[in-house]
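*Asks:* show me how the following folds:
(one chain, ligands or ions: 1)
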Amino acid sequence: MAKTGPNLYLVGFTGTGKSTVGRSVAQQLDYTFVDSDHEIERLQGRTITQIFAEAGEPEFRSLERNFILEQHPAQGCVVACGGGLVIPEGMLELLHARGVVLCLHANFETVIERTARSVHRPLVSGEDRETKVRELYARRAAIYRRAGTTILTDQRPIREITTHVLRVFQREARDWAAQHS
Ligand code: S3P
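*Replies:* Residues are numbered from 1 along each chain as shown. Model prediction:
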């Protein structure tokens, strides 16, 4: 049966825990969990690294936009958004029109550690990862800051982060529903 209730979009920089937290929150809400990166890979039949190499970043951003516009449930789902999904102009507004947006944040060391062995993050892999992470974050920080309530994921047990996200989501979902009824 289709699930109801405003969607929850988890945004934030790469390595901030969006998928882990999203899965846990979805379970508690009895929502469907969707990871934008995995869905795009599944729909495309190729990996993110292949998409970046064969078609380039602009094409990947347009796949992310299509995913938000028409390739995920309109209600009852938690979406872990790829780190750059919210960055292109207009994307934040699209997310806000579809549900509650919360931004996860982790400090630099945590991001570096969490992304060390990653295979689907071409923008922060290869030589001199630390510089790439710093530069990319600096370019995006202002957008993450205005995306939605920020929740810190450093050195906190997943259960505690889940409870925090649920509390904020429940409050903001009420406001969101009132504004969109
Ligand atoms: C990206 C983050 C990745 C993935 C792609 C691009 C980005 O997702 O969408 O490599 O631009 O920050 P995660 O946030 O899950 O690492």
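
*Asks:* when you work out contacts or count neighbours from here on, use the C-alpha atoms and nothing else.
*Replies:* Fine.

*Asks:* remind me, longest helix of the chain?
*Replies:* Of all segments of type helix in the chain, defined using DSSP state H, the longest is helix 158-179.

*Asks:* distance from it to the middle of the chain?
*Replies:* Mean-position distance between helix 158-179 and its chain equals 16 Å (CA atoms, centre = their mean, to the nearest Å).

*Asks:* elements contacting it?
*Replies:* Helix 158-179 makes packing contacts with helix 18-29, strand 99-105, strand 149-152 when contacts are defined by 3 or more CA pairs under 8 Å, 6 or more residues apart in numbering; DSSP states H and E.

*Asks:* how about the residue nearest to the spatial centre of the chain, what does it touch?
*Replies:* In the chain, the residue lying closest to the centroid (CA atoms, centre = their mean) is Cys81, at 2.4 Å. For Cys81, the contacting residues are Tyr9, Leu10, Val11, Gly12, Lys18, Asp35, Ser36, Asp37, by CA atoms under 8 Å, 6 or more residues apart in numbering.

*Asks:* who wins for neighbours among these?
*Replies:* Scoring the contacts of Cys81 on neighbours with other CA atoms under 10 Å, the highest-scoring entry is Gly12 at 32 neighbours.

*Asks:* mind checking pLDDT for that one?
*Replies:* Gly12 carries a pLDDT value of 98.

*Asks:* mind listing residues that contact stretch 136-147?
*Replies:* Counting by CA under 8 Å, 6+ apart, Val11, Gly12, Phe13, Val86, Ile87, Leu92, Val101, Leu102, Cys103 sit against stretch 136-147.

*Asks:* how about that stretch, does it reach the ligand?
*Replies:* No. Stretch 136-147 does not reach the ligand (CA under 6 Å from any ligand atom); its nearest approach is 7.9 Å.

*Asks:* helix, strand or coil for Val78?
*Replies:* Three-state call for Val78 (DSSP: H, G, I helix; E, B strand; the rest coil): strand.

*Asks:* thanks a lot, catch you later.
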